[in-house]
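**Q** Have a look at this prediction, sequence included:
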Amino acid sequence: MQSYFEEGGIHVHLNRSAAEQANQQVREWIGHYEWAESPFKGYDHGVTKHRMPGGAFPSSFEQAEKGGFLHLMPAILRVMSLYNQIVRYFDVTPGSQITWVTCSGIVNRYAKEHGEAGVRRLIALLTKFVEEKGQDMEAMSEEERKELLQLFRNASGDFKNLLVGGYGRLPVGWQADWVYQSAFGDEWQAKIEARTDLSPLDTLKDDDLDKLRRTLSEAIGREPPEEEFILYLMHPKDAVSFIEFRERYGMAPLVLPTDVWRNGLRRSGDKVDFELDGKPYCIELVSIGAEHEGVIHVVLKVNNVTRVYPVATPRARKAEIRMAKGPNEIGAPINGNVWRIGNPQRGPIHVGDVVHKGEEVANLEAMKMENAVLAPFSGRIVEVCIKLNDVVKEGQLLFVLEKNA
């Protein structure tokens, strides 16, 4: 680009030498990151139907592979192509994520509850409703209407927020009433009344910065400096993980060569040299001991000083995962990451706090979507069984509640 402008007589203020050096450095680095590239590559002509553009398409396959439902992808893509004719929205963020989470969730639910036959029935139902009956509910049988009204019963908070205008005006108008009835149940008419055409920027309330700072302080166990607090304001889901990562590993990922940071030193005599704060360091692997009760001992020479480090292996004794079983126990509705305990209005929730029926007590992130966990009844928190950034599985115990007397 610089050469193009220069040939046209337009001078470009660019340090060409520094740019070339940076380009060469990237060439040297890039080979170390092949492991992070998606194995699902190429173009898909069906994008005009399932409308998963750009990086959303390969990332959906990755998430399906990790979630153990890669075999359901053909069905999910087919459901998406039908869903997009029912719920009409932009194909870009957050639209593509909402489409993916909603449709993959519906297909997975049918697969869990009814097996492959249930998935085939779902596709047949939607095909008939969308392509044969023109989305005319009256043209469907009573049983088919009942099933359609259950379609979005487990929809995420982001899907529901989309329906009421939380992400801005819908491009081709509001969705059909039955979609609201399916998503909101008995509250569907009130939700329709509450819809707004206003931009989210016009309805967004000012944040309580003091409350947010206290929330971050509680999460990391200390007062955050301004830089960390600003990072938290911009990326509340990821900031806590990043801060904990930096506290655990310090400058190691920045000063160690990428291949050493990822793969480590593997054989006795392997060493790595680097600089930290202008001082040279050398780490050499001496030996790796045998595993005992999930722990191995690694002997390293750090600047010729021998040190021994205990390292827990994947077989180290782990805490047992408790599952929600009783009526007073709140379980995780999905597999996900705990990014908030409490809600924006009241802040963090602790043992002894009183919560009200329908109040958000936690929020799980899965596939870039938020999923609120609501109190099933009013009561007092007896036990909080999770902490921020925990990865939980569907049905795992999150809270124990005691009903109000």
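**A** Received the coordinates, thanks.
**Q** my read: Ala56 touches Val101, true?
**A** No - using Cβ atoms under 8 Å, Ala56 is not in contact with Val101; the gap is 11.2 Å. To be clear about C-beta, it is placed using only N, CA and C from the backbone, and glycine gets the same treatment.
**Q** More neighbours: which of those two?
**A** Using other Cβ atoms under 10 Å as the criterion, Ala56 and Val101 rank with Val101 on top: 24 against 20.
**Q** Just give the closest residue to that one, not the sequence neighbours.
**A** Met369 (4.4 Å; Cβ to Cβ, 6 or more residues apart in numbering).
**Q** burial of the one you found, as a residue count?
**A** By other Cβ under 10 Å, the residues close to Met369 number 20.
**Q** do the same with Ala239
**A** If you count neighbours by other Cβ under 10 Å, Ala239 ends up with 20.
**Q** cool, and the one 4 residues further on?
**A** Using other Cβ under 10 Å, Ile243 has 18 other residues around it.
**Q** Please, which helix or strand holds it?
**A** Per DSSP states H and E, Ile243 falls inside helix 236-249.
**Q** Packing partners of that helix?
**A** When contacts are defined as 3 or more Cβ pairs under 8 Å, 6 or more residues apart in numbering; DSSP states H and E, helix 236-249 sits against helix 209-220, helix 226-234, strand 336-343.
**Q** in the first one, what counts as buried?
**A** Think helix 209-220. Leu212, Arg213, Thr215, Leu216, Ala219, Ile220 (16 or more other Cβ atoms under 10 Å).
**Q** Can you lay out those as CSV showing distance to Tyr4 and pLDDT?
**A** Listed next are the buried residues of helix 209-220 as CSV, based on distance: Cβ to Cβ, whole Å; pLDDT from 0 to 100:
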residue, distance to Tyr4, pLDDT
Leu212, 46, 92
Arg213, 48, 94
Thr215, 50, 90
Leu216, 46, 92
Ala219, 49, 88
Ile220, 48, 90
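**Q** Can you tell me which of those is closest to Glu227?
**A** Nearest to Glu227 out of the buried residues of helix 209-220 is Leu216 (Cβ to Cβ; 12.0 Å).
**Q** Against Glu244, how distant is the closest one?
**A** 12 Å (Cβ to Cβ, to the nearest Å).
**Q** circling back: among the helices and strands packed on helix 236-249, which comes closest to Glu37?
**A** strand 336-343 (22.6 Å).
**Q** Tell me which strands that closest one pairs with, and in which orientation.
**A** Using DSSP bridges, strand 336-343 pairs in its sheet with strand 347-348 (antiparallel), strand 360-366 (antiparallel), strand 391-392 (antiparallel).
**Q** so which of those strands gets nearest Tyr309?
**A** Comparing the strands paired with strand 336-343 against Tyr309 with Cβ to Cβ, the closest turns out to be strand 391-392 (25.5 Å).
**Q** Greatest separation within the buried residues of helix 209-220: which pair is it?
**A** Farthest apart among the buried residues of helix 209-220 by Cβ to Cβ are Leu212 and Ile220. That separation is 12.9 Å.
**Q** what stretches of the protein score poorly on pLDDT?
**A** The model of the chain has pLDDT under 70 over residues 41-44, 53-54, 316-318, 405.
**Q** Sweet, I'm off.
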